[in-house]
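Undergrad: model this:
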Amino acid sequence: MNRKTRETDVTVELDAAGGIRTGDKVLDHLLTALFFYMGREAKVRATYDLRHHLWEDVGIVLGEELRSKLPERFVRFGSAVMPMDDALVLVAVDISGRPYAGVELSFKEGEGGFEASLVREFLWGLARSLRATIHVKTLSGVNAHHVIEAAFKGLGAALGRAIQESGKLESTKGLLEV
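TA: Residues are numbered from 1 along each chain as shown. Just a heads-up that it's a prediction; the model follows:
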C-alpha cells in the first residue's frame with residue numbers, strides 16, 4: 001500500500017521482507033517492535049518533510065494495508081497489557097468500522113525523539129484508515145522511551161489477535177462495517 005503526497009511518500013507491505021526504513025530512527029525502532037509482536041514481517045519505506053506528517057501517514061498506510069489483508073471473518077477484538085521496565089501500558093483494539101483513538105500516554109522523563117504527540121498522530125491515522133477503535137493508556141511509567149515502546153509492543157500484540165481469522169462473524173448485529 002502506498003500514499004504519496006507533497007509531504008510524504010510512504011509504502012507499507014505486510015508479509016514482505018525488506019525491513020523498516022522511514023528515515024526516523026525512533027519510528028523505525030517502534031515499528032520493528034509492533035510488527036514483531038503482531039507476528040508479521042513488514043517492509044516499510046518513507047520519505048517526508050516533517051516528523052508529524054511521517055508518523056500520521058505511516059499510521060494511515062498501515063491501516064489501509066491491514067484492512068486490505070483482513071480475512072472475511074476476523075476476531076475483531078484484541079488487547080494487551082504490556083510491561084517494559086518502569087512502564088505498564090494497556091492497549092485495546094476493536095476493528096469495528098468506528099474509528100476512534102483514545103490516547104492517554106504519560107511519563108515524567110522525556111527522551112529525545114519519543115514524543116506523545118507523534119504517537120497520537122500515528123494512532124489517529126491508523127484508527128481512521130483501519131476503521132478501528134484503539135485505546136492506549138499508561139497504567140504506570142516514568143521514562144518516555146519505555147512507555148511509548150510498551151505501547152507499540154502492546155499495539156502489535158492486540159492487532160495480531162484482532163486480525164486473526166475467526167469461524168464466525170464477530171458482531172451481534174450480524175454486520176461489521178469495515
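Undergrad: Would you mind measuring from Val58 to Ser68?
TA: 16 Å (C-beta to C-beta, to the nearest Å). Heads up, the C-betas are built off the backbone N, CA and C, glycines and all.
Undergrad: before we move on, what about Asp57?
TA: Asp57 is 16 Å from Ser68, by C-beta to C-beta.
Undergrad: again, but for Arg21
TA: Arg21 is 22 Å from Ser68, by C-beta to C-beta.
Undergrad: neighbour-wise, which of the two wins?
TA: Arg21 (14 against 9; other C-beta atoms under 10 Å).
Undergrad: Which stretches in the protein count as strands?
TA: Using DSSP state E, the strands of the chain run over 2-4, 8-14, 19-21, 42-48, 77-84, 87-94, 100-104, 133-140.
Undergrad: Gly110: neighbouring residues, count only.
TA: 12.
Undergrad: Surely it and Ala144 touch.
TA: Yes. Gly110 lies in contact with Ala144 (C-beta atoms under 8 Å); the separation is 5.0 Å.
Undergrad: list the contacts for Val91?
TA: 79-82, 134-137, 151, 154-155, 157-158 (C-beta atoms under 8 Å, 6 or more residues apart in numbering).
Undergrad: Filter the residues you listed down to just the buried residues.
TA: Ala80, Met82, Ile134, His135, Val136, Lys137, Ala151, Gly154, Leu155, Ala157, Ala158 (16 or more other C-beta atoms under 10 Å).
Undergrad: taking those as a set, which two sit the farthest apart in space?
TA: Greatest spatial distance in these: Lys137 and Ala157, 14.9 Å, computed using C-beta to C-beta.
Undergrad: Ramachandran angles for Ala17?
TA: Dihedral pair for Ala17: phi -80, psi 160, per degrees, to the nearest 10.
Undergrad: tell me the contacts of it?
TA: Counting by C-beta under 8 Å, 6+ apart, Ala17 has contacts Glu41, Lys43.
Undergrad: so which of the strands of the chain comes closest to Trp124?
TA: Once these are compared by C-beta to C-beta, strand 100-104 is nearest, at 4.6 Å.
Undergrad: Pull up the pairing partners for the closest one, direction included.
TA: Strand 100-104 sits in its sheet next to strand 133-140 (parallel), going by DSSP bridges.
Undergrad: And the helices in this structure, which stretches?
TA: Along the chain, counting by DSSP state H, helices occupy 25-38, 51-69, 116-130, 144-162.
Undergrad: who's the closest residue in space to Leu139 that isn't next to it in sequence bridged to?
TA: In space, and not counting its chain neighbours, Leu139 is closest to Leu88: 4.2 Å by C-beta to C-beta, 6 or more residues apart in numbering. Taking DSSP bridges as the rule, Leu88 bridges to Pro83, Ser140.
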